[in-house]
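> Show me the folded form of this:
(one chain, ligands or ions: 1)
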Amino acid sequence: MRIDVVSIFPDYLEGLTLSLIGKAIDQGLLDLGVHDLRDFAFDRHRTVDDSPYGGGAGMVMKAEPWALALEHVLGRGPAPAEADSAADSQDRLGEGTGEAPRPILIVPSPAGEVFDQRIAEDLAHAQHLVFACGRYEGIDQRVLDWAGESFDVRPMSIGDYVLNGGEVASMVMIEAVSRLIPGVIGNPESLTEESHEDGLLEYPIFTKPATWRGHEVPEILLSGNHAAIARWRRDRRLERTAEVRPDLLAELSDLDAADRAVLD
Ligand code: 6GU
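Numbering: from 1, shown residues only. Take a look at the predicted model:
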């Protein structure tokens, strides 16, 4: 998968080169390009923002630098102003010919559709994701309208709170998506027993010692009875979900009699 990120703070994204995502990049499972929006602002001050039409607080990101940056990411644009970021997209010239699916443009915004595990799984099948990280009050709406000619445009929120810009939200979404790419997580079974994978939160986990500061590991986990352990774990998942996320439980349609017995 190819992922491009456009931001006025490209250094933010460096955290993605650590840990498992960094390893996926090193292994060629993920090809990550980070681009500085200011490299596509060609006036003397490299201006990327201006005051909003109609008045109001704050500043709005200007359309043209975004258009140039997104064209560059598609392999269509002029080279960016700074030579040091010119190398990062040379390999994609010629992409977009034939029947390649449209790249997906994710625009992080508290006004977007709420990102969840279902969307992460959907995006993990994409060939090319582009994240447009806005700052200030956001990006001129016409950029999103114009980008619809070349991209599937998806304004996306990571939850009901406000961040200062799209960088951290993009990192959240990139981490959630890239760990679903085959090969990124060493043991794929660890993906299937997680919270949000099947609509239930995960069961509590324990490791040695069996007694720690007077707290015991539940005895059934030491029993070796795999069927009983599986039932116990499912019961804990059901209880935990009912307690902290009743909204998730209400959406489940496949609860059987044994499941309902725990919840009553
Ligand atoms: Cl995606 N961006 C910003 N700026 N704030 C947010 C958000 C995104 N999701 C929740 N709050």
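
> So which residues of the stretch 1-150 of the chain form helices?
19-26, 63-73, 117-123, 141-147 (DSSP state H, counting those that start in this stretch).

> Packed most tightly, which of these would that be?
Of all these, helix 63-73 carries the top mean neighbour count, a mean of 21, counting by mean count of other C-beta atoms under 10 Å. No exception for glycine: its C-beta is placed from N, CA and C like everyone else's.

> related to what we said a few turns ago, the helices of the stretch 1-150 of the chain: which one's closest to Pro103?
Pro103 lies closest to helix 63-73 among these, at 8.0 Å (C-beta to C-beta).

> which helices and strands does the closest one pack with?
strand 2-7, strand 31-36, strand 128-132, helix 141-147 (3 or more C-beta pairs under 8 Å, 6 or more residues apart in numbering; DSSP states H and E).

> contact partners of the longest strand belonging to the chain?
Ordering each strand of the chain by length in residues (DSSP state E) puts strand 104-114 first. Defining contact as C-beta atoms under 8 Å, 6 or more residues apart in numbering, one finds that strand 104-114 is touched by 70, 119, 123, 126, 128-134, 138-139, 144, 147, 151-163, 165-166, 169-170, 173.

> Just give the nearest non-adjacent residue to Leu238, would you?
Val262 (5.0 Å; C-beta to C-beta, 6 or more residues apart in numbering).

> same deal with Glu193?
Leaving aside its sequence neighbours, Glu193 sits nearest to Glu202 (C-beta to C-beta, 6+ apart; 6.7 Å).

> what's the helix or strand for the one you found?
Assigned by DSSP states H and E, Glu202 belongs to neither a helix nor a strand.

> nearest to Asp247, of the helices and strands packed on helix 63-73?
When the helices and strands packed on helix 63-73 are compared (using C-beta to C-beta), the closest one is strand 128-132, at 27.8 Å.

> Run through the neighbouring helices and strands of the closest one.
Strand 128-132 packs on strand 2-7, helix 63-73, strand 104-114, helix 166-178, going by 3+ C-beta pairs under 8 Å, 6+ apart.

> In CSV: the ones you listed, plus distance to Leu16 and mean pLDDT.
Formatted as CSV, those follow (distance: least, C-beta to C-beta, whole Å; pLDDT from 0 to 100):
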stretch, distance to Leu16, mean pLDDT
strand 2-7, 8, 98
helix 63-73, 17, 98
strand 104-114, 15, 97
helix 166-178, 6, 98
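
> Please list the residues of the stretch 101-250 of the chain that sit near the ligand.
108-110, 156-159, 161-163, 165-166, 169 (C-beta under 6 Å from any ligand atom).

> Would you mind listing which of the residues you listed are buried?
108-110, 156-158, 165-166, 169 (16 or more other C-beta atoms under 10 Å).

> Which phi and psi values does Gly165 adopt?
phi -170, psi 180 (degrees, to the nearest 10).

> Give the burial count for the closest residue to it other than its chain neighbours, as a bare number.
What sits nearest to Gly165 in space, not counting adjacent residues and going by C-beta to C-beta, 6+ apart, is Arg135, at 4.1 Å. Neighbour count for Arg135, taken as other C-beta atoms under 10 Å: 19.

> And for Arg102?
Neighbours of Arg102 (other C-beta under 10 Å): 15.

> What of the one 5 residues further on?
Val107: 24 surrounding residues under other C-beta under 10 Å.

> That one pairs with what?
Pro155 (DSSP bridges).

> Could you check how far it is from Val143?
Separation of Val107 from Val143 (C-beta to C-beta, to the nearest Å) stands at 9 Å.

> Check Ile174 too.
From Ile174 to Val143 the distance is 21 Å (C-beta to C-beta).

> Give the residues shared as contacts by Val107 and Val143.
By C-beta under 8 Å, 6+ apart, the residues touching both Val107 and Val143 are Ala132.

> what's the longest helix belonging to the chain packed up against?
Using DSSP state H to define each element, the chain has its longest helix at helix 226-244. If contacts are counted by 3+ C-beta pairs under 8 Å, 6+ apart, helix 226-244 sits against helix 246-250, helix 257-263.

> export the ones you listed to CSV and tack on mean pLDDT?
Formatted as CSV, the helices and strands packed on helix 226-244 follow (pLDDT from 0 to 100):
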stretch, mean pLDDT
helix 246-250, 96
helix 257-263, 96
